[in-house]
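> Got a predicted structure here, sequence first:
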Protein chains: 2
Amino acid sequence: MKIVLLGSGNVATHLAKALKAKGEDVIQVYSPNLNHAKSLAVTIGAEGLNDLTEIERNADLYIISIKDDAIESVAKSLKNVTGLVVHTSGTTDIRILSSQVKRAGVFYPLQTFSKGKEVSFENIPLCIEANDESQLSILNTLAAKISHRVYELDGEKRKVLHLAAVFACNFANHLYTLANKILNQNGLDFEIIKPLIAETADKVMNNLPENVQTGPAVRADENTLNKHLSMLTDMPELQNIYQTLSDSIKLTLK
Amino acid sequence: MKIVLLGSGNVATHLAKALKAKGEDVIQVYSPNLNHAKSLAVTIGAEGLNDLTEIERNADLYIISIKDDAIESVAKSLKNVTGLVVHTSGTTDIRILSSQVKRAGVFYPLQTFSKGKEVSFENIPLCIEANDESQLSILNTLAAKISHRVYELDGEKRKVLHLAAVFACNFANHLYTLANKILNQNGLDFEIIKPLIAETADKVMNNLPENVQTGPAVRADENTLNKHLSMLTDMPELQNIYQTLSDSIKLTLK
């Protein structure tokens, strides 16, 4: 497949490398910042460009992997292409595309990508959606090449998944940050808590999280809960989070 | 070393097996519930008992691994032993023991233990404390046998560590539970989100969490934040948590 990639951020970068590794032909990388476009393009043997009018009109697939609120305006520049146009957003409706282009779809990788951290695409859930069966079949074939986990999900379910991901990923990472803040303020290093973080995630690979909850809140250990709250007196923001999440854990006991 | 274990819960069980695997001689397991005591004792070739007066008085080490608020009363029954008496609690002061027994210490494994899930003790941080150098040395030697990560921490630092662990482990696991609740209510399976949970934890093994935060809050993407909040209208508890944690993430941007 001849593929044009519109975007050069974390998702675009990891996706481009995974496609290239499976022999797909990514011919162009577009970014409004020419340096960003070229710097990604050179790693996969593509052309880097920052002018939407220079985009190849005869590609098979156009992948728009940019900020949600910029997707529509970039899609407008692809009005007359015959290839399939997809975005990679968890929250954006497919109609943003189908109102602009002939053939529209979604190709959403459910993962957290960071610069400089390699991820194996094979285990990343790819959530696909298209306006008709033949387009869906094209996406399915491509997705199955780079991942073992392909899910056909409509927009409503994809948005739910994205919301759940904020809890399980973005908020979990922020709790690591808060833990590190508590450690640092007391001369302790983040290193000491890493095995605990790894095991906490590993436990739910084979158990539902509600079945392996530990800690003072699930034991209704008011003595420890009160000690912890009093240790956070000088950090009211963390005290509030501690109270809110402990209360929420206690609700599961009823 | 001749060791007596007082307790038969998750920490006691995993610790007993790790000690046994390194050739230590756990001679007795005490629990108020005789079945619990025997069921653990039989796996490590020890005697199970539920009568504190039957405890061997000449052991080298007594490990009290029970609920925090029961430690003191069990320690009272060890008043006249000459061996070292330790507890495994993150939040309990060493003085609870040293006010009762001659030689007191703390042997706190920083990990989340669940029945039926094996963990490798080698990577578990063991936090030790004792009232004098010779006792500390004994604990250090024992700890180093079963773990590569031994930390000498005083009670204040240990309590801080325990508090940080609640954020990084107990609260993170609860966020997995909430994510699963959102998925289930919409006919999606927890399975789909597992690779994301694994990667989120894996990322902070080599990066500080504040440097790899992703998601709508850290992008100050108000459009997505508002969409998510409106999706949680029927779940006010989750809506409150979403708002609280998103606000906290935004504070890191200042």
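Thanks, I have the structure now.
> tell me which element the nearest residue to A:Q100 once chain neighbours are set aside falls in.
Excluding the flanking residues, the one nearest A:Q100 by C-beta to C-beta, 6 or more residues apart in numbering or on different chains is A:A75, at 4.2 Å. Yep, even glycine has a C-beta here, placed from its N, CA and C like the rest. Using DSSP states H and E, the secondary-structure element containing A:A75 is helix A:71-76.
> now A:V85
Assessed by DSSP H and E, A:V85 sits inside strand A:84-87.
> Convert that strand to CSV, retaining C-alpha atoms only.
What follows is strand A:84-87 as a C-alpha-only set of coordinates in CSV (Å, rounded to 0.1, in the frame of the first residue of the first chain):
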residue,chain,number,x,y,z
LEU,A,84,-9.1,5.8,2.2
VAL,A,85,-8.6,8.6,4.8
VAL,A,86,-8.4,7.7,8.5
HIS,A,87,-7.6,9.5,11.7
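> Mind checking if it is in reach of chain B?
No - applying C-beta under 8 Å from any C-beta of the partner chain, one finds that strand A:84-87 is not in contact with chain B, the shortest distance being 14.0 Å.
> Check which helices and strands that strand is in contact with.
strand A:61-64, helix A:71-76, helix A:95-98, strand A:104-109, helix A:133-146 (3 or more C-beta pairs under 8 Å, 6 or more residues apart in numbering or on different chains; DSSP states H and E).
> For it, which outside residues touch it?
Strand A:84-87 has contacts (C-beta atoms under 8 Å, 6 or more residues apart in numbering or on different chains) with A:60-65, A:71, A:75, A:78, A:96-97, A:100-101, A:103-107, A:130, A:135, A:138-139.
> Number of residues surrounding A:S147?
Neighbourhood size, A:S147 [other C-beta atoms under 10 Å in any protein chain shown]: 20.
> Quick check: it touching A:C127?
No - contact between A:S147 and A:C127 fails when scored by C-beta atoms under 8 Å: they sit 10.3 Å apart.
> list residues touching both of those two?
When contacts are counted by C-beta under 8 Å, 6+ apart, the set common to A:S147 and A:C127 consists of A:P109.
> For the longest helix along chain A, output the C-alpha coordinates as PDB.
In chain A, taking DSSP state H as the definition, the longest helix is helix A:236-251. These are the backbone C-alpha positions of helix A:236-251, laid out as PDB (Å, rounded to 0.1, in the frame of the first residue of the first chain):
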ATOM      1  CA  PRO A 236      -3.900  19.900  50.700                       C
ATOM      2  CA  GLU A 237      -4.200  18.900  47.100                       C
ATOM      3  CA  LEU A 238      -2.800  15.500  47.800                       C
ATOM      4  CA  GLN A 239      -4.900  15.200  51.000                       C
ATOM      5  CA  ASN A 240      -8.000  15.800  48.900                       C
ATOM      6  CA  ILE A 241      -7.000  13.200  46.400                       C
ATOM      7  CA  TYR A 242      -6.200  10.700  49.200                       C
ATOM      8  CA  GLN A 243      -9.600  11.300  50.700                       C
ATOM      9  CA  THR A 244     -11.500  11.100  47.400                       C
ATOM     10  CA  LEU A 245      -9.900   7.900  46.200                       C
ATOM     11  CA  SER A 246     -10.100   6.200  49.600                       C
ATOM     12  CA  ASP A 247     -13.800   7.100  49.800                       C
ATOM     13  CA  SER A 248     -14.200   5.600  46.300                       C
ATOM     14  CA  ILE A 249     -12.500   2.400  47.300                       C
ATOM     15  CA  LYS A 250     -14.700   2.100  50.400                       C
ATOM     16  CA  LEU A 251     -17.800   2.400  48.200                       C
END
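> avg pLDDT for it?
Helix A:236-251 shows an average pLDDT of 97 in the prediction.
> Next: stretch A:78-98.
Stretch A:78-98 shows a mean pLDDT of 95.
> Figure out the length between the terminal residues of it.
Distance between the two ends of stretch A:78-98: 11 Å, counting by C-alpha to C-alpha, to the nearest Å.
> Ok, stretch A:126-135 next?
End-to-end distance of stretch A:126-135 (C-alpha to C-alpha): 15 Å.
> One more: stretch A:157-174?
With C-alpha to C-alpha, one end of stretch A:157-174 sits 25 Å from the other.
> Distance from that stretch to the middle of the chain?
Taking the mean C-alpha point of stretch A:157-174 and that of its whole chain, the gap between them comes to 9 Å (C-alpha atoms, centre = their mean, to the nearest Å).
> Also stretch A:128-142?
Centroid separation between stretch A:128-142 and its chain, computed with C-alpha atoms, centre = their mean, is 20 Å.
> what do you get for stretch A:98-118?
Per C-alpha atoms, centre = their mean, the displacement of stretch A:98-118 from the mean C-alpha position of its chain is 9 Å.
> Enumerate the positions of that stretch that are buried.
By neighbour count, with 16 or more other C-beta atoms under 10 Å in any protein chain shown as the criterion, the buried positions of stretch A:98-118 are A:98, A:100-101, A:103-114.
> swap in stretch A:246-254?
Going through stretch A:246-254 with 16+ other C-beta under 10 Å, the ones that come out buried are A:246, A:248-249.
> Can you show me the helices along the stretch 101-250 of chain A?
When assigned using DSSP state H, counting those that start in this stretch, the helices of the stretch 101-250 of chain A occupy the ranges A:133-146, A:155-165, A:172-185, A:194-203, A:222-231, A:236-251.
> So which of the ones you listed is nearest B:L161?
Taking C-beta to C-beta as the criterion, B:L161 comes closest to helix A:172-185 out of those, the separation being 7.2 Å.
> That closest one and chain B in contact?
Yes - Helix A:172-185 lies within reach of chain B by C-beta under 8 Å from any C-beta, at A:172-180, A:182-183.
> repeat for stretch A:102-120
Yes - under the criterion of C-beta under 8 Å from any C-beta, chain B is reached by stretch A:102-120 at A:110-114, A:117, A:119.
> Quickly list the domain ranges of chain A.
What automatic domain parsing lists as the domains of chain A is A:2-153, A:159-251.
> tell me how far the ends of the longest one are from each other?
The first and last residues of domain A:2-153 sit 25 Å apart, counting by C-alpha to C-alpha.
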